[in-house]
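1. here you go, sequence then predicted model.
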Amino acid sequence: MNCANHPEVPSQGRCHICQQFVCSDCMHEDSGTITCLSCYEPQTSASATSFVEPTDIAAKKALWTFVQGVLFCGLGLATLGVFFLVSLGLSIDAIIYARDARKLCHERHDPKSARLATTTIWMSALVIVLVCAAAVYRIANMGC
């Protein structure tokens, strides 16, 4: 096959977005991924104006929020006050961050970070259930 832009020049690859055959003058290669210049231009202009978070950082941010929720969980159960509410809030935030991270990981084909995000969602949900159950138990036994 020949280049779509230069019919007399043999192609060196195929654009992963539009599937056109391109020569070495008409392509941009990054980490083994070939993109034609017409598809590459919109991607670079969009990335210059907005920051896109890497998938591993997004998943780790969700996990760190979960860890903070667990730390406040102990204080919350001890005092049954503001720390309890902070723990629940952080656990809910962790679920939201992890949900967004998992979606981003699936879009970018990063199964390792997607698994971390999914695990964070389940662990955070479990913490919420356990914290609420412990709080109900503690409140029920306060009168005794």
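-> Everything's here; your move.
2. which residue is nearest the middle of the protein?
-> Ala101 (1.8 Å; Cα atoms, centre = their mean).
3. could you measure from it over to Ser113?
-> 7 Å (Cβ to Cβ, to the nearest Å). For the C-beta atoms, the positions are set from N, CA and C on the backbone; glycine is no exception.
4. shaky segments in this protein?
-> Counting by pLDDT under 70, the chain shows low-confidence ranges at 41-56, 72-82, 143-144.
5. out of all of them, which helix in it is the longest?
-> helix 111-140 (DSSP state H).
6. how many residues are close by the residue lying closest to Thr65 once chain neighbours are set aside?
-> Leaving aside its chain neighbours, Thr65 sits nearest to Ala94 (4.0 Å; criterion: Cβ to Cβ, 6 or more residues apart in numbering). Close neighbours of Ala94, defined as other Cβ atoms under 10 Å, add up to 28.
7. one step back: pretty sure the residue nearest to the centre of the chain contacts Ala62?
-> Yes - if you go by Cβ atoms under 8 Å, Ala101 and Ala62 touch, sitting 5.1 Å apart.
8. mutual contacts of those two, please.
-> Leu116, Ala117, Thr120 (Cβ atoms under 8 Å, 6 or more residues apart in numbering).
9. any idea how far Lys112 is from the last one?
-> This points to Thr120. From Thr120 over to Lys112 the distance is 13 Å, taken as Cβ to Cβ.
10. now do Ile17
-> Distance from Ile17 to Lys112, by Cβ to Cβ: 24 Å.
11. between those two, which has more neighbouring residues?
-> More neighbours surround Ile17 than the other of Ile17 and Lys112, with 15 against 11 (other Cβ under 10 Å).
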